[in-house]
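Participant: sharing a model prediction with you, sequence too.
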Amino acid sequence: MTQQRPKISVMVLMGGYTSEFGISLKSGGVVCEELDRTKYDVYPCIVTKDQWYYQETPLLKHPVNPGSLSITKGDQIILPDVVFNTIHGSPGEDGYIAALCELLNIPQTSTHFYAAALSFNKRDCLSVLKAHGIPCAASIYCDSVHPPQFKEVSEKLGLPFFVKPNRSGSSYGVSKVNLEKDYQKALETAFAEDHQILIERALSGVEISVGAYSHQGKPIILTPTEIVSENEFFDLSAKYEGKAQEITPARINEETVLRAQKLVRKIYTLLEMRGACRADFIVENGQPYFIELNSTPGLSKESLIPQQAKYSGLSLKDFFDRLIQEAMNQQKTTQL
């Protein structure tokens with residue numbers, strides 16, 4: 001008689017401390033829905049500033065100890081075999097969850113803490129990648145104490161330009177400035193999300209996003225998606241209210257596709273990324289210019305990475321399975 005292998009306990013972390021809380025719940029919900037229950041015991045766990053808890057049913061929750069990631073369910077203590085991180089923003093995308101898991105020796109599906117922290121900080125990420133030859137738009141960094149005057153910005157970057165929180169995602173706090181009268185409100189909107197901001201030249205061209213993930217220790221670069229927003233740029237409503245076309249594969253020539261994929265491979269390798277990530281570019285005159293790197297990208301069924309995985313022939317169940325198995329294999333390799 002064949003002995004049945006025990007299931008792997010997967011803690012799906014979602015929520016977080018930022019404006020992206022609701023978006024993270026959608027990603028985490030899809031992961032919980034799609035994971036193979038014949039292989040995994042799935043524990044959806046919500047993270048808020050006030051409490052961490054396992055949501056067993058809509059009306060039943062159990063506390064999670066943030067220091068050990070253990071679930072207390074009555075007299076039972078449940079420890080995860082692996083953490084599936086779907087928290088956008090802090091503490092999932094900025095490296096804190098990755099660092100915690102590393103200290104606890106628990107494998108997790110996102111990248112390691114340094115790469116997460118670096119990619120979440122737009123200024124620092126751009127500084128590193130520019131130094132290694134990655135084409136990027138011209139930009140100015142500042143904080144809420146010393147914001148630059150409009151004249152200084154417009155003379156350096158020209159018009160239009162973007163004002164962005166330095167550490168935020170899903171386009172929260174991002175504004176496009178076309179005229180001087182738009183500038184002050186753009187600063188206020190960005191500073192509401194972060195006391196550090198990045199002001200960046202608005203490139204003119206095709207917006208694309210390229211996903212990547214690690215499989216059997218090697219980066220897999222996915223097919224680019226073209227983004228056509230009904231709004232002035234790919235803002236929050238365009239992303240999550242259906243006000244954009246997301247076209248996979250992108251309608252760009254093969255040479256540009258290969259150029260963008262080569263840049264993503266270089267970035268993924270240079271930063272020693274793990275798990276799934278997504279790099280965004282604007283293609284101007286045939287040259288992809290790097291905009292930002294998302295180390296914990298959206299995983300709802302409408303999100304870009306799932307679209308690209310599907311185009312490559314992977315179901316969400318198989319894609320998520322690959323991320324879990326890669327995390328566990330990476331942990332074993334690290335321990336050798």
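Facilitator: That came through fine.
Participant: tell me the domain ranges of this structure?
Facilitator: Annotated domains of the chain cover 8-116, 121-135+204-335, 139-201 [automatic domain parsing].
Participant: may I see those domains organised as JSON lines, with mean pLDDT and mean neighbour count added?
Facilitator: All C-beta spots, glycine's among them, are computed from the backbone N, C-alpha and C. Below are the domains of the chain laid out as JSON lines (pLDDT from 0 to 100; neighbours: other Cβ atoms under 10 Å):
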{"stretch": "domain 8-116", "mean pLDDT": "96", "mean neighbour count": "19"}
{"stretch": "domain 121-135+204-335", "mean pLDDT": "91", "mean neighbour count": "18"}
{"stretch": "domain 139-201", "mean pLDDT": "92", "mean neighbour count": "18"}
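Participant: show the pLDDT at Pro6.
Facilitator: Here the pLDDT value assigned to Pro6 is 88.
Participant: and the gap between it and Val82?
Facilitator: Distance, Pro6 to Val82, by Cβ to Cβ, to the nearest Å: 13 Å.
Participant: again, but for Pro297
Facilitator: Distance of Pro297 to Val82, computed by Cβ to Cβ: 19 Å.
Participant: what do you get for Arg259?
Facilitator: Relative to Val82, and taking Cβ to Cβ, Arg259 is found at 35 Å.
Participant: show me what the top strand by length along the chain is packed up against.
Facilitator: For the chain, the strand with the greatest residue count under DSSP state E is strand 206-215. Based on contacts counted as 3 or more Cβ pairs under 8 Å, 6 or more residues apart in numbering; DSSP states H and E, the elements that strand 206-215 packs against are strand 218-221, strand 225-229, helix 254-270, strand 277-284, helix 304-311, helix 316-335.
Participant: what angle separates that strand from helix 316-335?
Facilitator: Here strand 206-215 runs at an angle of 60 degrees relative to helix 316-335 (axes from the mean of the first three to the mean of the last three Cα atoms, to 10 degrees).
Participant: what about the helices in the chain?
Facilitator: Ranges of helices in the chain, per DSSP state H, are 21-34, 96-104, 113-120, 122-131, 150-157, 183-191, 236-240, 254-270, 304-311, 316-335.
Participant: can you lay out these as a markdown table showing distance to His62?
Facilitator: Output for the helices of the chain, formatted as a markdown table (distance: least, Cβ to Cβ, whole Å):
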| stretch | distance to His62 |
| --- | --- |
| helix 21-34 | 15 |
| helix 96-104 | 19 |
| helix 113-120 | 27 |
| helix 122-131 | 37 |
| helix 150-157 | 50 |
| helix 183-191 | 38 |
| helix 236-240 | 30 |
| helix 254-270 | 37 |
| helix 304-311 | 29 |
| helix 316-335 | 22 |
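Participant: and of these, who's closest to Thr86?
Facilitator: Closest approach to Thr86 among these (Cβ to Cβ): helix 21-34, 4.2 Å.
Participant: report all helices and strands that the closest one contacts.
Facilitator: strand 8-15, strand 40-47, helix 316-335.
Participant: could you dump the ones you listed into JSON lines and include distance to Gly211?
Facilitator: Listed next are the helices and strands packed on helix 21-34 as JSON lines, based on distance: least, Cβ to Cβ, whole Å:
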{"stretch": "strand 8-15", "distance to Gly211": "20"}
{"stretch": "strand 40-47", "distance to Gly211": "23"}
{"stretch": "helix 316-335", "distance to Gly211": "10"}
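Participant: tell me which of those sits nearest to Pro288.
Facilitator: Taking Cβ to Cβ, helix 316-335 is the member of these nearest to Pro288, at 24.3 Å.
Participant: that closest one to helix 21-34, inter-axis angle?
Facilitator: 100 degrees.
Participant: in its sheet, what does the longest strand of the chain sit against?
Facilitator: strand 218-221 (antiparallel), strand 225-229 (antiparallel), strand 277-284 (antiparallel) (DSSP bridges).
Participant: just checking, Thr269 touches Pro219?
Facilitator: Yes: using Cβ atoms under 8 Å, Thr269 makes contact with Pro219 at a distance of 6.5 Å.
Participant: relative to Cys277, how far out is the closest residue in space to Glu246 that isn't next to it in sequence?
Facilitator: Leaving out its chain neighbours, the residue that sits closest to Glu246 by Cβ to Cβ, 6 or more residues apart in numbering is Thr225, at 5.4 Å. Using Cβ to Cβ, Thr225 is found at 14 Å from Cys277.
Participant: what of Ile208?
Facilitator: 15 Å.
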